[in-house]
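Engineer: Just to be clear, the model below is a prediction. Sequence and coordinates:
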Amino acid sequence: MDPRPLREVEHALEMAQGVIGAAQVTLRLPACHSLKDKRQVLAGLLRRMRTKFSVAVAEVSDQDRWQLAGVAVVCVSTDHAQADRVLASTLSYLRAGEGDYHVADVTTELITL
């Protein structure tokens, strides 16, 4: 048996790195006057983001405040540039869709595994 293919596979596994792209986004929801209003705005927005960008997204903070929402957006890739592009596209989408909400703050991070 030729050991070369096995060495190539081992080398490829050593070189493969996972990258997690994460963004923490604070949204202001001035038109919301109840938690029900907030849920309606966020449910549609988060569903569209999941579908359009294949990201994991969830409300992670300010859940009891009806005019603020802390949203986390996460993607996984093998390439830093790709993870950065996915986050940038997602954040551009958020900013372009402002109407019922406004992007108040964004923090991003790329984590190499």
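Structural biologist: Good, I have the coordinates.
Engineer: who are the neighbours of the strand or helix carrying residue 48, in terms of helices and strands?
Structural biologist: Using DSSP states H and E, residue 48 sits in helix 35-53. In terms of contacts (3 or more CB pairs under 8 Å, 6 or more residues apart in numbering; DSSP states H and E), helix 35-53 is packed against strand 56-61, strand 68-77, helix 80-96. All C-beta spots, glycine's among them, are computed from the backbone N, C-alpha and C.
Engineer: Could you quantify the relative orientation of the last one and strand 68-77 as an angle?
Structural biologist: Using axes from the mean of the first three to the mean of the last three CA atoms, to 10 degrees, the interaxial angle of helix 80-96 with respect to strand 68-77 works out to 150 degrees.
Engineer: From the centroid of this structure, which residue is nearest?
Structural biologist: residue 73 (2.1 Å; CA atoms, centre = their mean).
Engineer: in this protein, which segments are predicted with low confidence?
Structural biologist: Along the chain, segments meeting pLDDT under 70 span 1-16.
Engineer: again, 80 this time
Structural biologist: Scanning the chain for pLDDT under 80 picks out 1-17, 98.
Engineer: Dump the helices and strands packed on helix 35-53 into CSV; add distance to residue 35 as well.
Structural biologist: Below are those laid out as CSV (distance: least, CB to CB, whole Å):
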stretch, distance to residue 35
strand 56-61, 11
strand 68-77, 11
helix 80-96, 21
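Engineer: Quick check: which of the ones you listed is nearest to residue 46?
Structural biologist: The minimum distance between residue 46 and the helices and strands packed on helix 35-53 falls on strand 56-61, with 5.0 Å, by CB to CB.
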